[in-house]
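Undergrad: with the sequence up front, the predicted model follows.
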Amino acid sequence: MPRKKGAVEKNTAKEDGESPVKWQKSDGKKFLRKELWNLHSSDPRFSEYPLKNFTTNFKNLKKKVDGLIVQVDFDEQAVSQHKTSYPRSSSHETRISTLEWASSKRAS
């Protein structure tokens, strides 16, 4: 699943007021490409695979991570909603604390 739009703020303007450089021509893209090339060529865990597969696998990994982020966000919302809908009573927490204290006292 793709990441929700607006999840990451985009750099819309440089500090001097000029419009930003497009990603295709940016220094960031050049740097990242060089770093990935260095990673692929310098680490035997990656260099055993063809570079073409490395870039495809990297793209697939990014898609998978984006999907996991969406799933984690969904799960966090579900847990939060569950906690709101079904709050624990203070007597439940007291009972558990008492049981833990009693069992630890026996173990001593």
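TA: In hand now; what should we look at? Residues are numbered from 1 along each chain as shown.

Undergrad: run a quick neighbour tally on Arg88.
TA: By other C-beta atoms under 10 Å, the residues close to Arg88 number 9. Every residue, glycine included, has its C-beta placed from N, CA and C.

Undergrad: where along the protein do the helices fall?
TA: Applying DSSP state H to the chain gives helices spanning 27-42, 44-47, 51-85, 90-107.

Undergrad: which residues of the chain score low on pLDDT?
TA: By pLDDT under 70, the low-scoring segments of the chain are 1-18, 90-108.

Undergrad: which non-adjacent residue is nearest Ser41?
TA: Ser47 (5.8 Å; C-beta to C-beta, 6 or more residues apart in numbering).

Undergrad: in a markdown table: the helices of the chain, plus distance to Ser19 and mean neighbour count.
TA: Shown next, in a markdown table, are the helices of the chain (distance: least, C-beta to C-beta, whole Å; neighbours: other C-beta atoms under 10 Å):
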| stretch | distance to Ser19 | mean neighbour count |
| --- | --- | --- |
| helix 27-42 | 15 | 12 |
| helix 44-47 | 36 | 11 |
| helix 51-85 | 26 | 11 |
| helix 90-107 | 56 | 9 |
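
Undergrad: closest to Pro20 out of these?
TA: In terms of C-beta to C-beta, the element of the helices of the chain nearest to Pro20 is helix 27-42, at 10.2 Å.

Undergrad: which helices and strands does that closest one pack with?
TA: Helices and strands touching helix 27-42, by 3 or more C-beta pairs under 8 Å, 6 or more residues apart in numbering; DSSP states H and E, are helix 44-47, helix 51-85.

Undergrad: these: which one's closest to Arg33?
TA: Each of these has some distance to Arg33 by C-beta to C-beta; the shortest is helix 51-85, at 9.4 Å.

Undergrad: the inter-axis angle of the closest one versus helix 27-42?
TA: 110 degrees (axes from the mean of the first three to the mean of the last three C-alpha atoms, to 10 degrees).

Undergrad: for helix 51-85, packing partners?
TA: Helix 51-85 sits against helix 27-42, with contacts defined as 3+ C-beta pairs under 8 Å, 6+ apart.

Undergrad: I'd like the helices and strands packed on helix 27-42 laid out as CSV, including distance to Lys29.
TA: Formatted as CSV, the helices and strands packed on helix 27-42 follow (distance: least, C-beta to C-beta, whole Å):
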stretch, distance to Lys29
helix 44-47, 20
helix 51-85, 13
